[in-house]
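I would like the atomic coordinates for the input below:
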Amino acid sequence: MPPSPKVCKSPALGTQTYSRRTQGFTLIELLVAMAVMAMLALLSWRSLDSMNRAQAFTKTRSDQVLRLQAALGQWRADLDALVETGEVDSMSFDGRVLRMTRRDSTEGGVQSPGLRVVAWTRMPAPLGDTEVPQWQRWQSPPLRQRNELARAWTRAQQWGLGEKQGEGADPGDTSLPLIPIDAWVLSYHRGATWGNPLSSVGNEAETRRDTTGNAPNGVRLTLTLTPGQSLSGPVVLDWVQPTLTAGSP
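Purely as a prediction, here's the structure:
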């Protein structure tokens, strides 16, 4: 039954009759509440989207920095481990491919697994490929024989030039793309100045020879990173022979 009306008696206003209002929300109140909730949901989504974008950008940048650090660390490790074989140059650069002979990373004082030939180059992307040119590293399996060293030295050159090795390929050869670059430039320090590795200037006098043989006193690497990434522009890294002392020529 509907609630019975109440009668209000007042000397001033007289007798008034009214009904208790039914409890609930009106349609306008519901529409206003839904609009406010929609605005709050939109603002929350934008905040979450911005956080996700910032997190993704930070992760991408961190990954690229780690890749660059790993590549430069490997570069420095190869140079530190240079060794003279007497058969081939410990370091040879033809303007495109840098080849080196180095100790194996697992070599200890008791037993040596052999030497390795490593090579570095800027490998262009295949025609029609959307990828960008990469700075890449190649290495041979451990070598113990003179003929193995000679073959690996040739395979490193063929790899850097993009030539197919055919039957001369070794299943132990490995190559790894490291970071995208537009260009790389090497400079050698011989005598008292930095110069082009292919130039004879500065090499007129006999240079210091030690366990690295014909290797220069220092190597300057300049990488131009590919634009459009979190990291771009030039990166310069200098390496000096660890056996050099102050005042060495």
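
so residue 153 sits right up against residue 91, yeah?
No: the pair formed by residue 153 and residue 91 falls short of the contact definition of CB atoms under 8 Å, at 11.9 Å. The C-beta positions use only the backbone N, C-alpha and C, and glycine is treated the same way.

now do the helices in this structure.
Along the chain, counting by DSSP state H, helices occupy 27-80, 146-160.

which of these is buried the deepest?
With neighbours defined as mean count of other CB atoms under 10 Å, those peak in mean count at helix 146-160, which reaches a mean of 18.

who touches both of residue 153 and residue 91?
residue 99 (CB atoms under 8 Å, 6 or more residues apart in numbering).

what's the closest non-adjacent residue to the residue nearest the centre of the chain?
The centroid of the chain falls nearest to residue 67 when counting by CA atoms, centre = their mean (2.8 Å). What sits nearest to residue 67 in space, not counting adjacent residues and going by CB to CB, 6 or more residues apart in numbering, is residue 179, at 5.5 Å.

list the beta-bridge partners for the one you found.
For residue 179, the beta-bridge partners are residue 135 (DSSP bridges).

these two touch, right, it and residue 71?
Yes: Residue 179 lies in contact with residue 71 (CB under 8 Å); the separation is 5.2 Å.

who touches both of the two?
What both residue 179 and residue 71 touch, as defined by CB under 8 Å, 6+ apart, is the set residue 135.

what about the helices of the chain, which gets the closest to residue 121?
helix 146-160 (4.2 Å; CB to CB).

what sits up against that closest one?
Helix 146-160 is contacted from outside by 85, 87-88, 94, 96-97, 99, 101, 115-119, 121, 138, 140, 143, 164-165, 168-170, 173, 175, using CB under 8 Å, 6+ apart.
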